[in-house]
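Peer 1: Quick one: sequence plus predicted model below, questions after.
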Amino acid sequence: MSKQMTGAEMVVEALKDQGVECVFGYPGGAVLPIYDAIFGQNQVRHILVRHEQGAAHAAEGYARSTGKVGVLLVTSGPGATNAVTGLTDALLDSIPLICITGQVPTHLIGSDAFQECDTTGITRSCTKHNYLVRNVDDLPRILHEAFYVASHGRPGPVVIDIPKDVQFASGTYAFSRDIEHKTYRPQVKGDAERIKRAVDMMAKAKKPVFYTGGGIINSGPRASTLLRELVRMTGFPITSTLMGLGAFPASDRHWLGMLGMHGSFEANNAMHDCDLMICVGARFDDRITGRLDAFSPHSKKIHIDIDPSSMNKNVKVDLAILGDCAHVLDDMVRLWPAQAPQLDAQALEKWWQTIEHWRARRSFDFRNSSAVIKPQHAIKRLRALTRNHDTYVTTEVGQHQMWAAQHFDLDEPNRFMTSGGLGTMGYGLPAAIGVQLAHPQALVIDIAGEASILMNIQEMSTAVQHRAPVKIFILNNQYMGMVRQWQELLHGGRYSESYTDSLPDFVKLAEAYGGHGIRCSDPAKLDDAIREMIDTPKPVIFDCLVDQKENCFPMIPSGKAHNEMLLAALEDDAGIELGSVIDEKGKALV
Amino acid sequence: MKKPGAAYPPSPYSAPSRQAGIEFHTLSVLVDNESGVLARVVGMFSARSFNIESLTVAEVAHETHLSRITIVTSGTPDVIEQVRHQLERLVPVHSVTDLTLTTRAIERELAMVKVRGKGESRQEALQLAEAFRAKVIDATTESFIFEITGAPRKIDDFVDLMRPIGLVEVSRTGVAAISRGPAGI
């Protein structure tokens, strides 16, 4: 069916046809025609943010918690440049986004016009793909193609830059559900022969481990279900990256906890000592591998990924299977029963004993206190008191993020939204708003630090305006904690600029925005305060004053291998100078 | 041929190529000839610290707007595999063929070489040009412009010979390459 309409109307029509319910945006001169088209309808809801970076993160939160494409709409020039951080964040974490940017009229492009910037040039390296629409006749195709590109293969952000004259111009709009892109056709089905070989390798393994990542979540809930089934059938231990948390239930006995720089002792040692690593939808990031030449030296490695460029990029693998996680896992689950009898039960039993021995170190443990709130304790209480709620968590970036990953046990996918790849402070609050709008009845908590939250605090207005009762749980230690921790480890405890002075009164700040503020510094009163936060039906800022000196352990220091972890006890008991543990080469790493 | 780095500072692109294990590969990349596609390809190389030794691009099918980009890149075999995958990942890229891996590809480059001189050196230039099958495409009483086609190494050699005679400037197209035999890419 085709209809005559303006470019601006095509944008809104395409959003409706793609089933978009929610657009995050901020108006400006170069997108006014599109805003005019939004004004006359009520199918697509527009969420006015307070800064375009917030729009991008909100769209990410929306996308990651629903599995749909997140959409943002911003104006030319500063509107587009402000969105760049969010686009880069989505690129690194493979989040499907459509970012529609206004542009100055085509005849002014290149003239340094008011609010002009080279949007496609600037965003070329921080998007999966981008378009500059010069002709209204191309607009319907580009709009729908963009949704296809953003959501197929390895997902990512796509920018559509639309000059104002194209928004005003009239053309024919048509939509067909089955578009086939002429060049972009990612392979989803894994090679049968390779999958069979993988299953053979798994059947012979004596010390196997599953290493899973965000690809499982991007692949959809079915991938999580199949992963659980495969782990149950094989009985193998499983760990996950930060981005994959929730895909496998933390309450399951096969679960080793998160791996990597601040991962568990058992997960990292299992990675180091295993004889078969089955990587599903993860990308051997440097936070995961630690020192590359000492990374899991004795294992065969199987890598299942939808992106061929992820294979053999950082780590050489023995068997690469190109395909979508759910498709490949489905094949594996079907092939497994035939291989199961070959399992070396004795070796696997011994492997589990070794793992239980590592697990007994209880590497996430901390020394609790009755005088001051320990940040880990605060997260544990938060988890305990939200168990009976339909809970979603977002985080900012830093120590609190790692403590959330360690102590906020998750049993379901799409419940944990965090900036893993780019590490964007200021991600959590707007992301939480995006999650809340997708799940209006749910309890959405942004676990934050007092420094990160200030980077996008203006989005409190968005939350209040759109009745998104998000809960901001600030672990306030008055430091940029992770910066301070690194200065302690690497720079002789010279805390250059990492003390967050002149903090606002967060309780008053919450009230100023029209939300509710809570402050707590007494461990005995913590539970009641958390309950008060949960029961408040509007946005809450919870200023949780925690131990200022606490560091995040365990930790693989820069330039070290998985089996060279620092445990918390080391620092307390032996009084070892941590700076001496990291060598000069490690200090140069980030 | 001159040793790299002997007379000139190394080009930022070719500098790392003196490391051990470095190979040169010629990649043929078919892309949609849409605006920004070259920037996308080149930007990927600089963003990921890959090398471009030579790059040529032209539309090869006007009806379908297909352009063929020939890139000579250098790196370890692992790096070259990454280059290929990263190129394949770009949305407007149709196909990437590593011509160095598939067949002994034929590589050609065209150069125009301007030489200035009088008397004996003019004669010498003409004789050398003949030996290299270079054509005179412009002549004045004190200069020639030669057109020479061949493998890049041959052009290097010709230019080196012209330098003492009175080389003024060189304009080179970069390498175009095609596989031997009946099969296409």
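Peer 2: Structure received. Numbers count the residues shown, from 1 in each chain, chains lettered A, B, ... in the order given.

Peer 1: What's the separation between the residue of the stretch 51-200 of chain A found nearest chain B and A:Thr395?
Peer 2: When scored by CB to the nearest CB, the stretch 51-200 of chain A has A:His129 as its residue closest to chain B, at 4.2 Å. Heads up, the C-betas are built off the backbone N, CA and C, glycines and all. Separation of A:His129 from A:Thr395 (CB to CB, to the nearest Å): 28 Å.

Peer 1: cool, and A:Ser176?
Peer 2: Using CB to CB, A:Ser176 is found at 40 Å from A:Thr395.

Peer 1: More neighbours: which of those two?
Peer 2: Each of A:Ser176 and A:Thr395 has its neighbours counted (other CB atoms under 10 Å in any protein chain shown); A:Thr395 has more, 29 against 9.

Peer 1: what's across from that one in the sheet?
Peer 2: Per DSSP bridges, residues listed as beta-bridge partners of A:Thr395: A:Ile447.

Peer 1: quick one: pLDDT of it?
Peer 2: Turning to A:Thr395, the model gives it a pLDDT of 98.

Peer 1: residues touching it, list them.
Peer 2: Listed by CB atoms under 8 Å, 6 or more residues apart in numbering or on different chains, the contact set of A:Thr395 reads A:401, A:404-405, A:416-419, A:427-428, A:446-448.

Peer 1: same thing but 6 Å
Peer 2: A:401, A:404, A:418, A:428, A:447 (CB atoms under 6 Å, 6 or more residues apart in numbering or on different chains).

Peer 1: for chain A, where's the lowest mean pLDDT among helices and strands?
Peer 2: Least confident element among the helices and strands of chain A, by mean pLDDT, DSSP states H and E: helix A:568-569 (a mean of 70).

Peer 1: Give me the distance from whatever helix or strand comes next after that one to the chain's centre.
Peer 2: Sequence-wise, the next helix or strand downstream of helix A:568-569 (DSSP states H and E) is helix A:584-588. Relative to its chain's centre, helix A:584-588 lies at 28 Å (CA atoms, centre = their mean, to the nearest Å).

Peer 1: Near chain B, which residues of the stretch 1-150 of chain A are found?
Peer 2: With CB under 6 Å from any CB of the partner chain as the criterion, the stretch 1-150 of chain A comes near chain B at residues A:120, A:124-125, A:129, A:149.

Peer 1: Among those, which one has the most neighbours?
Peer 2: The residue in the residues of the stretch 1-150 of chain A next to chain B with the most neighbours, by other CB under 10 Å, is A:Val149 (25 neighbours).

Peer 1: Count the neighbours of residue 71 for me.
Peer 2: The chain I'm using is chain A. When counting by other CB under 10 Å, one arrives at 26 neighbours for A:Val71.

Peer 1: meant chain B actually
Peer 2: Per other CB under 10 Å, the neighbour tally for B:Ile71 reads 26.

Peer 1: buried ones in the helix or strand of chain B with the lowest mean pLDDT?
Peer 2: Least confident element among the helices and strands of chain B, by mean pLDDT, DSSP H and E: helix B:99-102 (a mean of 88). Neighbour-count burial for helix B:99-102 flags B:99-100 (criterion: 16 or more other CB atoms under 10 Å in any protein chain shown).

Peer 1: repeat for stretch A:383-394
Peer 2: By 16+ other CB under 10 Å, the buried positions in stretch A:383-394 come out as A:383, A:385-386, A:391-394.

Peer 1: Can you tell me which of those is nearest A:Val158?
Peer 2: A:Thr394 (22.8 Å; CB to CB).

Peer 1: Quick check: the closest residue to chain B within the stretch 201-350 of chain A vs B:Met44, distance?
Peer 2: Among the residues of the stretch 201-350 of chain A, A:Ser309 lies nearest to chain B; the distance is 3.7 Å by CB to the nearest CB. Separation of A:Ser309 from B:Met44 (CB to CB): 10 Å.
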